[in-house]
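Q: coords below, sequence missing:
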């Protein structure tokens, strides 16, 4: 007689593992941020420097900055709270925040 499918124990559940996030160098973070900024704001890569202000230098409006924060969160698998996002006004601020989140 075959065991009833209702009484057959289930195999042990496998734990979903998150990909291991390896720390990136500051330069690698800057390059990835630069790539995201050029795509989101339609600016040339040469314009995107650590000291570049998203609004004053790169022409981002408030909606652009929200979308930029969301893109950074997705790309780096981090969460940027609203309070922190308000303090990220330059490319360098974004790089520093991401670098600190890795530590």
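A: Arrived safely. In this text the structure is predicted, and so the values were computed from the model without any measurement.

Q: Correct me if wrong, but residue 24 is in a helix.
A: No. Following the definition DSSP: H, G, I helix; E, B strand; the rest coil, residue 24 is coil and is not counted among the residues of a helix.

Q: Tell me who's in contact with it.
A: 32, 102 (CB atoms under 8 Å, 6 or more residues apart in numbering). Placement of C-beta: from N, CA and C, glycine included.

Q: From residue 84, how far off is it?
A: Relative to residue 84, residue 24 is positioned 19 Å away (criterion: CB to CB, to the nearest Å).

Q: cool, residue 78 as well?
A: Remark: distance between residue 78 and residue 84 (CB to CB) = 10 Å.

Q: same thing with residue 51?
A: With distances defined as CB to CB, the gap from residue 51 to residue 84 amounts to 20 Å.

Q: do residue 29 as well
A: For residue 29, the distance to residue 84 equals 16 Å [CB to CB].

Q: Tell me which of these two has more neighbours.
A: Neighbours were tallied for residue 29 and for residue 84 using other CB atoms under 10 Å; the higher tally belongs to residue 29 (19 against 15).
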